[in-house]
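Asks: I'll drop the sequence and a predicted model, then ask my questions.
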Amino acid sequence: MRQLLRARRVLTEQGWLDDHQLRIENGVIAAIEPVPAGVTSRDAELLCPAYIDTHVHGGAGVDVMDDAPDVLDILAMHKAREGVGAFLPTTVTAPLEAIHGALARIARRCQSGGPGAQILGSYLEGPYFTPQNKGAHPPDLFRELDVAELDSLIDVSLSTLRVVALAPEKPGALLAIRHLKQRGIRVMLGHSAATFDQTLAAFDAGADGLVHCYNGMTGLHHREPGMVGAGLTDKRAWLELIADGHHVHPGAMRLCRCCAKERLVLITDAMQAAGMPDGRYTLCGEAVTMQNGVVRTGSGGLAGSTLSLDAAVRNMVEHTGITAEDAIHMASLHPARLLGMDNQLGSLAPGKRANLNALNGGLHLQQIWIQGQALPL
């Protein structure tokens with residue numbers, strides 16, 4: 001199957017190309033070339049890579065942990081409607097058998113395919129955390145790190161587990177990080193009371209970055225820079241960021257931009273209430289309430305987000321002053337690099353999957369193509 005898509009501007013890793021077209025063959029970009037002289041029709045104002053959400057718990061009323069038919073299909077279609085071409089369904093702290101069930105379901109859907117955004121594998125968030133910055137995770141279900149247990153999780157996932165989040169101050173954390181890295185898995189640090197030095201030691205052992213930077217970790221202080229300080233200043237660290245203006249103040253978003261613009265990965269951390277009306281929902285098995293789009297636990301803490309990734313891109317432009325090009329890279333190229341998949345995804349280049357977004361001048365989604373197939377919005 002061959003297609004031709006023309007746009008007034010096409011975003012590549014090198015920047016914007018004016019009046020260019022993409023030739024697509026069998027779901028792959030075959031060429032990017034100037035629109036021939038005299039051809040005036042355009043399929044899009046802006047063409048850019050489809051976004052990649054590496055950290056998402058749910059949306060459209062479903063939760064990744066739900067053991068029910070079509071949950072991942074519903075979520076994949078919901079993500080596609082916000083410009084996400086690929087994502088990692090993310091687990092939460094739960095009994096080990098529930099986590100095994102979720103990883104197995106994600107693995108089956110990852111291998112079989114289905115409608116909507118592509119599932120690239122799974123992200124394990126919990127149960128290897130500490131109580132001080134637990135967020136919505138139930139601390140009575142936290143577990144100690146054990147290499148054999150980690151191997152069993154990888155096996156249950158049929159080796160589709162892509163990311164493991166953990167607290168770096170836990171006993172055995174550095175050993176676990178080195179082991180996971182040998183297995184080809186990314187390690188992110190969060191829901192932790194680790195010090196600056198403990199965080200650096202985890203990066204030395206191979207950890208890749210911070211889970212939703214600022215949230216669920218020791219903050220920046222001038223006498224103890226904490227996990228945030230380590231992440232902002234260590235050029236090895238990728239920083240997940242929930243750019244909704246609630247989880248992170250715009251001023252703190254700007255600090256991330258100043259320190260780590262090339263290392264920011266925009267995520268949603270979205271839960272089942274995303275795309276739904278205000279009301280009562282659940283997260284980690286507990287009742288939570290959404291009011292004016294913000295979800296909180298009974299004690300008033302934030303409980304996941306209802307952010308969409310296309311809104312995160314617009315928020316970064318509005319609140320931090322970066323260019324649209326940089327914000328789009330944070331939602332596409334950077335997550336692909338974090339996952340080691342930038343040879344297939346994350347930017348528009350010959351040989352890569354034809355996962356594309358058509359945007360208007362305000363960066364609102366007009367159309368998405370996944371492997372060259374246009375999806376209804």
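Replies: Yep, it's here. Numbering: from 1, shown residues only.
Asks: what about residue 295, helix or strand, and which?
Replies: Secondary structure assigned from DSSP states H and E places residue 295 in strand 294-296.
Asks: Which strands or helices does that strand pack on?
Replies: With contacts defined as 3 or more Cβ pairs under 8 Å, 6 or more residues apart in numbering; DSSP states H and E, the packing partners of strand 294-296 are strand 286-291. For every residue, glycine as well, the C-beta is placed using N, CA and C.
Asks: Could you export the strand it packs on as CSV, keeping only the C-alpha atoms?
Replies: Extracted C-alpha coordinates of strand 286-291, given in CSV (Å, rounded to 0.1, in the frame of the first residue of the first chain):
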residue,chain,number,x,y,z
GLU,A,286,-8.8,3.0,46.5
ALA,A,287,-11.7,5.5,45.9
VAL,A,288,-10.6,8.9,44.4
THR,A,289,-12.5,11.9,43.3
MET,A,290,-12.1,14.1,40.2
GLN,A,291,-13.2,17.7,40.5
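Asks: that older thread, pLDDT (mean, whole number) over the strand holding residue 295?
Replies: For strand 294-296, mean pLDDT is 92.
Asks: Give me the contact list for it.
Replies: By Cβ atoms under 8 Å, 6 or more residues apart in numbering, the residues outside strand 294-296 that reach it are 246, 271, 273, 281, 283, 288-289, 302-306.
Asks: do stretch 146-160 as well
Replies: Outside stretch 146-160, the residues touching it (Cβ under 8 Å, 6+ apart) are 96, 99-100, 103-104, 106-107, 110-111, 121-122, 124, 143, 161, 164, 172, 175-176, 179-180, 183, 185.
Asks: Show me those residues that map onto helices.
Replies: Mapping the contacts of stretch 146-160 onto helices (DSSP state H) picks out 96, 99-100, 103-104, 106-107, 110-111, 175-176, 179-180.
Asks: And the residues you listed, which two are furthest apart?
Replies: The span of these, defined through Cβ to Cβ, is set by 111 and 175 at 30.2 Å.
Asks: Those two: which has the busier surroundings?
Replies: Neighbours were counted for residue 111 and for residue 175 using other Cβ atoms under 10 Å; residue 175 has more, 13 against 10.
Asks: How much space separates that one from residue 224?
Replies: Going from residue 175 to residue 224 by Cβ to Cβ, to the nearest Å gives 25 Å.
Asks: ok so, going back, rebuild the ones in helices among the contacts of stretch 146-160 as a markdown table, extending it with distance to residue 341 and pLDDT.
Replies: Putting the ones in helices among the contacts of stretch 146-160 into a markdown table (distance: Cβ to Cβ, whole Å; pLDDT from 0 to 100) gives the following:
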| residue | distance to residue 341 | pLDDT |
| --- | --- | --- |
| 96 | 28 | 98 |
| 99 | 24 | 98 |
| 100 | 25 | 98 |
| 103 | 19 | 98 |
| 104 | 22 | 98 |
| 106 | 16 | 98 |
| 107 | 17 | 98 |
| 110 | 13 | 96 |
| 111 | 16 | 94 |
| 175 | 27 | 98 |
| 176 | 23 | 98 |
| 179 | 22 | 98 |
| 180 | 17 | 98 |
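Asks: Using neighbour counts, trim the residues you listed to the buried set.
Replies: Listed as buried from those are 99-100, 103-104, 106-107, 110, 176, 179-180; burial here means 16 or more other Cβ atoms under 10 Å.
Asks: With distance to residue 5 added, can I get the residues you listed in TSV?
Replies: Output for those, formatted as TSV (distance: Cβ to Cβ, whole Å):
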residue	distance to residue 5
99	41
100	42
103	36
104	37
106	31
107	33
110	27
176	45
179	44
180	39
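Asks: now, which of those sits nearest residue 132?
Replies: Nearest to residue 132 among these, counting by Cβ to Cβ, is residue 176 at 19.3 Å.
Asks: my read: that closest one touches residue 165, true?
Replies: No: using Cβ atoms under 8 Å, residue 176 is not in contact with residue 165, being 11.5 Å away.
Asks: Which neighbours do the two have in common?
Replies: The overlap between the contact sets of residue 176 and residue 165 (Cβ under 8 Å, 6+ apart) consists of 128, 187.
Asks: Now do the contacts for residue 10.
Replies: Residues counted as contacts of residue 10 (Cβ under 8 Å, 6+ apart) are 16-17, 20-22, 32, 46-48, 348.
Asks: now swap in residue 317 and tell me
Replies: Contact analysis of residue 317 by Cβ under 8 Å, 6+ apart lists 323-324, 327, 363.
Asks: State whether it is indeed within a helix.
Replies: Yes: when DSSP: H, G, I helix; E, B strand; the rest coil is applied, residue 317 is found to be in a helix.
Asks: And what about residue 218, helix, strand or coil?
Replies: Here residue 218 is recorded as coil under three-state DSSP.
Asks: Next, work out how far apart it and residue 134 are.
Replies: For residue 218, the distance to residue 134 (Cβ to Cβ) stands at 13 Å.
Asks: Next: residue 315.
Replies: 26 Å.
Asks: just residue 377 next, same as before
Replies: 37 Å.
Asks: more crowded one of these two?
Replies: Higher neighbour count among residue 377 and residue 134: residue 134, with 20 against 11, using other Cβ under 10 Å.
Asks: what's the distance between the more buried one and residue 269?
Replies: Residue 134 sits at a distance of 15 Å from residue 269 (criterion: Cβ to Cβ).
Asks: Give the burial count for the residue nearest to residue 189 when sequence neighbours are not counted, as a bare number.
Replies: Take residue 189 and drop its neighbours on the chain: the residue closest to it by Cβ to Cβ, 6 or more residues apart in numbering is residue 168, 5.0 Å away. Counted with other Cβ under 10 Å, residues neighbouring residue 168 total 28.
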